[in-house]
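Undergrad: A predicted structure for the sequence below; I have some questions about it.
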Amino acid sequence: MTHRLRLILPLAILTLMVCAALRTEGPPLANGQDLTPPSELALLMREMAAHADSVRAGLSRNDKKLPPYPAGVKTLLTATPTKDMHIDPITYPTFGKDYQAKVDALYKAARKDRASAYNALVQSCANCHTTHCPGPMMRIKKMYVKVGG
């Protein structure tokens, strides 16, 4: 019995210390991130991803119409990035203008060509995120649609 007590007592004390430390620090956040509000550019990227998701869903249903044109696209080159995030002043505008052109091309594409135009749009995202903020690349790779039969 004393042998078990020698093992259990230190574990119990350690558990209590950890619980007390967690209580004084406050509860951890669910996603492990701080509470800093997202930047304009981060919010815009979420809007762009949601738009791409809705286009992809419409293509899979063979919808006649595309979802509404994403209004935020016009602010892509001027949206404020996340603090301390480096945005290259030469390459970023090039990628941003390419994305804007791909959105325009998607909305001008004939219905039969929309999947290809959409994939070109997704590729534009991948091209930029390979250089700037590579975190979303796994999600971007899953956004492509199958073209043709």
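TA: Here it is on my side, so go on. Residues are numbered from 1 along each chain as shown.

Undergrad: Can you give me the neighbour number for residue 57?
TA: Neighbourhood size, residue 57 [other Cβ atoms under 10 Å]: 12. For the C-beta atoms, the positions are set from N, CA and C on the backbone; glycine is no exception.

Undergrad: Distance check, it against residue 36.
TA: 31 Å (Cβ to Cβ, to the nearest Å).

Undergrad: what do you get for residue 123?
TA: Using Cβ to Cβ, which is the criterion applied here, residue 123 is 31 Å from residue 36.

Undergrad: These two: which has the busier surroundings?
TA: Neighbours per residue (other Cβ under 10 Å) separate residue 123 from residue 36, with residue 123 holding more: 15 against 8.

Undergrad: Buried residues of the helix or strand harbouring the more buried one, list them for me.
TA: Secondary structure from DSSP states H and E places residue 123 in helix 114-131. Residues of helix 114-131 classed as buried by neighbour count (16 or more other Cβ atoms under 10 Å): 114-115, 117-122, 124-125, 127-129.

Undergrad: Any idea how far it is from the middle of the chain?
TA: Going by Cα atoms, centre = their mean, to the nearest Å, the spacing between the C-alpha centre of helix 114-131 and its chain's C-alpha centre is 14 Å.

Undergrad: which outside residues touch it?
TA: For helix 114-131, the surrounding residues in contact (Cβ atoms under 8 Å, 6 or more residues apart in numbering) are 48, 52, 55-56, 59, 66, 88, 91-92, 95-96, 98-99, 102-103, 105-106, 109, 135-137, 140-141, 143-148.

Undergrad: make it 7 Å
TA: 52, 55-56, 59, 91, 95, 98-99, 102-103, 105-106, 109, 136-137, 140, 143-145, 147 (Cβ atoms under 7 Å, 6 or more residues apart in numbering).

Undergrad: helices and strands around the very next helix or strand once past that helix, which ones?
TA: Note on helix 114-131: by DSSP H and E, the next helix or strand toward the C-terminus is helix 137-141. Contacts defined by 3 or more Cβ pairs under 7 Å, 6 or more residues apart in numbering; DSSP states H and E place helix 137-141 against helix 114-131.
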